[in-house]
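In: Next comes the sequence, and after it the predicted model I'd like to discuss.
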Amino acid sequence: MMDQPLAGIDVPSASEEDGIWGSDVVARMLRALDMPYVALNPGSSFRGLHDSLVNHLGNERPQMLLCLHEEHAVAIAHGYAKVTERPMAVILHANVGLMHGAMAIYNAWCDRVPMVILGATGPVDAAARRPWIDWLHTAKDQGALIRPYVKWDDQPASVAAAIESLVRAANLARSVPRAPTYVCLDVAMQEQRLTEMPPLPDPKRFAVTSPAVPSAEDIQKVASLLRNAQHPLLLFGRMSRSPLDWARRVALAEYLGASVLTDIKTAAAFPTDHRLHRAKPGFFLDEKGADAIRAADAVLSFDWVDLGGTLRQAGGPTPPAVINISPDHHLHNGWSMDHQALAPADLHLAAEPDPAMHLIADALGVGFGQAPGELPALPASGVEEYRPLDVASLAAAMGEVLRGEVVSLVRLPLGWAGDAWHFRHPLDYLGIDGGAGIASGPGMLIGAALALKGSGRLPVAVLGDGDTMMGISALWTAAHYRIPFIAVVSNNRSFYNDEIHQERVARERRRPVENKWIGQRINEPEIDIAAMARAQGLLGIGPVHTARDLVDAVAEAVKAAKTGASVLIDARVSPGYSPAMAAGMTRHAGETATG
């Protein structure tokens, strides 16, 4: 996929240069670092940089993406990175914009995706601050607001320091394990007049850190364990979007005759309808997944999210051999518990999972196999046309229309059944938001759709109603920049996740479960989400209530998306989770997937 300018959108009038300013240097450096877009919500703290992007660079590479909320700006960069595995730039206004964007930054941190976030502060020199407003928007250590969940931050005090800071921020964001970085730019530095444009470093002279390579001895240990295992199990977690990597994973599993598990928290990593894929991908283990772990005599985990918790969910003794391939420990800190439970590992290779997988396959003499073609993702079951909608019939109705399309499922809701749709390509499904922060879905859909534009793939997301409502104003950005996609809102008119928690508490305390809906249901009045989408320039369809109506709505949406439209369908579904999901969300520590 090639980045392409959003032609004809926000084209500035020609500008005659009148000198060089500090912010012009920052803008030029962003272009040199190959940042194709910069998502932002305007703010006076970076008014100098804003001017430089428009009047010095002509709003090209990077091209601005105007957002109506800082959280959406970060979420768009997050969705873009999930497709491309490359960082996009974001600008957040002062301390207040950074606080608005903080939840989305935490999502990106937990999802281990790269982005370069630029901030700004009012003049560091107190004598240069305007009364009132500059004081409110100046922080002594602004990076402290997000330091526990960014990889690196800086507040350079000069133009020369800003150049170096941007290079470092981009390289650290791109280096494994990937994560956001943050650079805060002083207003005074941006608005400093220079006598000439300083020479900019060639980013190629500051190479991104090479991935760590396991020792040949460790690779041979892994290969030996796998050769001798009778029941090997491969856990594919955070893996690349490369079709060649995908093909080698399949070849490795087939060579070993190994069982394979994937989950729905991370993007597609292995064909889910393959004979070796032992259980439907889910947020938590179901009984088949637990059986696969208990039966294994060697578990090879490739950057699996929550390896320790997953092994505990399976119950029974830990498998005799556990090999963990992950560089994630480099980001673990004492503030956030996103590192999950401590996982047993007889051998831990601190390496990027796909390169290590290739080395293991080489040691075993495994070939590459065939890279997946752009086959459509396949829904698992047919549609009952006049059945009232639940999440299962919603998936079937979508599949009835989308079966012949090459679809990228950008997001799926908590109630989604992992066997409702098969994944056959690394872009068939992109995973969730990392930190489970509501409001991320619409922005991430826009960012992913932007990255997929011109690829021949149709971006589709199934969003929750609470997630959509909290992130609804992100949709204007999609309409303005003509970014095509289909959003299907699985609208159960409730914060249903908390209903099942309230039901569990009520049962344990022998109190009326009939009251679980109070303080959860979104009705009286029900919200017309399709109308809110139409108000922002999207094609809003619905509400629809039956599978037949949804089939017709998706067919209409596909035609519109192929002409460049952004489409939202309000699908009214009955609440409900799969048994494994409901149990996983509410079980106490120590409870297993089977009880």
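Out: Everything's here; your move.
In: tell me the pLDDT at the nearest residue to His545 once chain neighbours are set aside?
Out: Of all residues not flanking His545 in the chain, Arg572 sits nearest, at 5.1 Å (CB to CB, 6 or more residues apart in numbering). For the C-beta atoms, the positions are set from N, CA and C on the backbone; glycine is no exception. At Arg572 the predicted local confidence, pLDDT, stands at 96.
In: Equivalent analysis for Ser381, please.
Out: 61.
In: quick revisit: can you pull the contacts of the residue nearest to His545?
Out: 389, 491-493, 542-545 (CB atoms under 8 Å, 6 or more residues apart in numbering).
In: can you tell me how far Trp517 sits from Ala251?
Out: As for Trp517, its distance to Ala251 is 50 Å (criterion: CB to CB, to the nearest Å).
In: So for stretch 422-429, mean pLDDT?
Out: Per-residue confidence for stretch 422-429 averages out to 96 on the pLDDT scale.
In: Other residues contacting that stretch?
Out: By CB under 8 Å, 6+ apart, the residues outside stretch 422-429 that reach it are 83, 239-243, 245-246, 264, 267-269, 271-273, 281, 372-375, 377-380, 407-409, 412, 421, 452, 457.
In: Now go through these and say which are in strands.
Out: Among those, the members falling in strands are 378-379, 407-409, 421 (criterion: DSSP state E).
In: Met470: which of these is nearest?
Out: Distance ranking of the ones in strands among the contacts of stretch 422-429 against Met470, using CB to CB, places Leu409 first at 20.7 Å.
In: quick one, phi/psi of the residue found closest to that closest one once you drop the neighbours it is linked to in the chain?
Out: Distances taken as CB to CB, 6+ apart put Tyr429 closest to Leu409, at 4.5 Å, once the chain neighbours are dropped. Backbone torsions for Tyr429, taken as degrees, to the nearest 10, come to phi -150, psi 140.
In: could the contacts of Arg572 go into JSON lines alongside distance to Pro156?
Out: Listed next are those as JSON lines, based on distance: CB to CB, whole Å:
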{"residue": "Leu389", "distance to Pro156": "53"}
{"residue": "Asn491", "distance to Pro156": "46"}
{"residue": "Asn492", "distance to Pro156": "48"}
{"residue": "Arg493", "distance to Pro156": "49"}
{"residue": "Gly542", "distance to Pro156": "49"}
{"residue": "Pro543", "distance to Pro156": "51"}
{"residue": "Val544", "distance to Pro156": "52"}
{"residue": "His545", "distance to Pro156": "56"}
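In: what kind of secondary structure is Arg86 in?
Out: Under DSSP: H, G, I helix; E, B strand; the rest coil, the three-state class of Arg86 is coil.
In: Spatially nearest residue to it (excluding sequence neighbours)?
Out: Pro114 (6.7 Å).
In: The helix or strand harbouring Gly289 - what's its average pLDDT?
Out: Using DSSP states H and E, Gly289 falls within helix 287-295. Per-residue confidence for helix 287-295 averages out to 96 on the pLDDT scale.
In: neighbouring contacts of that helix?
Out: Identification of contacts with helix 287-295 by CB under 8 Å, 6+ apart yields 231, 233, 259, 261, 278-280, 282, 285, 299, 310-311, 313-316, 319, 580, 592-594.
In: Just the residues you listed: which are in strands?
Out: Residues of the contacts of helix 287-295 located in strands (DSSP E): 233, 259, 261, 299.
In: returning to that earlier point: what is the burial count for the residue nearest to Arg86?
Out: For Pro114, the tally of surrounding residues (other CB atoms under 10 Å) stands at 26.
In: Am I right that it is in contact with Tyr80?
Out: No. Counting by CB atoms under 8 Å, Pro114 does not reach Tyr80; the two are 9.9 Å apart.
In: which residues do those two both contact?
Out: Residues touching both Pro114 and Tyr80 (CB under 8 Å, 6+ apart) are Arg86.
In: just to revisit the earlier point, how about the helix holding Gly289 as PDB, C-alpha atoms only?
Out: Provided in PDB are the C-alpha atoms of helix 287-295 (Å, rounded to 0.1, in the frame of the first residue of the first chain):
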ATOM      1  CA  GLU A 287     -12.900 -25.200  26.400                       C
ATOM      2  CA  LYS A 288     -11.300 -26.200  23.100                       C
ATOM      3  CA  GLY A 289      -8.500 -23.700  23.600                       C
ATOM      4  CA  ALA A 290      -7.900 -24.900  27.200                       C
ATOM      5  CA  ASP A 291      -7.800 -28.500  26.000                       C
ATOM      6  CA  ALA A 292      -5.100 -27.600  23.400                       C
ATOM      7  CA  ILE A 293      -2.900 -26.100  26.100                       C
ATOM      8  CA  ARG A 294      -3.400 -29.000  28.500                       C
ATOM      9  CA  ALA A 295      -2.600 -31.500  25.800                       C
END
